[in-house]
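Have a look at this prediction, sequence included:
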Amino acid sequence: MIDLTQYEELTKVYKQAQKLERECEKQVNKAKRINFEKAMQEYDRIYEPYTKFQDTIFAETGFNILLK
């Protein structure tokens, strides 16, 4: 059985990921208002910090918690 108290650390990291995603979304929306086509071309670059966070820190934290 999984001890649900271990999820506190995962919840904290998840909230960080949500905050980072909102910041990226704001940047995309701002870029869209200026030049939609350029914003879509730079979409991956703008979301790169969020993607890296998800792929490294969030995934590692989840794996380590569930491994216990």
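Cool, got the structure.

Now the top helix by length along the chain: buried residues?
The single longest helix within the chain, with elements called by DSSP state H, is helix 7-34. Buried residues in helix 7-34, counted by 16 or more other CB atoms under 10 Å: Val13, Ala17, Leu20, Glu21, Cys24, Gln27, Val28, Ala31. Quick note: C-beta positions are derived from backbone N, CA and C, even for glycine.

Give me the helices and strands touching the helix or strand of the chain with the lowest mean pLDDT, please.
Sorting the helices and strands of the chain by mean pLDDT, DSSP states H and E puts helix 59-67 at the bottom, at a mean of 86. In this structure, helix 59-67 makes packing contacts with helix 7-34, judged by 3 or more CB pairs under 8 Å, 6 or more residues apart in numbering; DSSP states H and E.

and the angle for the helix it packs on with helix 59-67?
160 degrees (axes from the mean of the first three to the mean of the last three CA atoms, to 10 degrees).

next one: helix 7-34 to chain centre, how far?
Relative to its chain's centre, helix 7-34 lies at 6 Å (CA atoms, centre = their mean, to the nearest Å).

For it, enumerate the helices and strands it packs against.
helix 36-41, helix 43-46, helix 48-53, helix 59-67.

which intervals of this protein have sub-threshold pLDDT?
Within the chain, the ranges that satisfy pLDDT under 70 run 1-6.

rerun at 50
For the chain, the stretches with pLDDT under 50 are 1.

so can I have JSON lines of the helices and strands packed on helix 7-34 showing mean neighbour count and distance to Tyr7?
Listed next are these as JSON lines, based on neighbours: other CB atoms under 10 Å; distance: least, CB to CB, whole Å:
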{"stretch": "helix 36-41", "mean neighbour count": "12", "distance to Tyr7": "36"}
{"stretch": "helix 43-46", "mean neighbour count": "12", "distance to Tyr7": "30"}
{"stretch": "helix 48-53", "mean neighbour count": "15", "distance to Tyr7": "18"}
{"stretch": "helix 59-67", "mean neighbour count": "12", "distance to Tyr7": "7"}
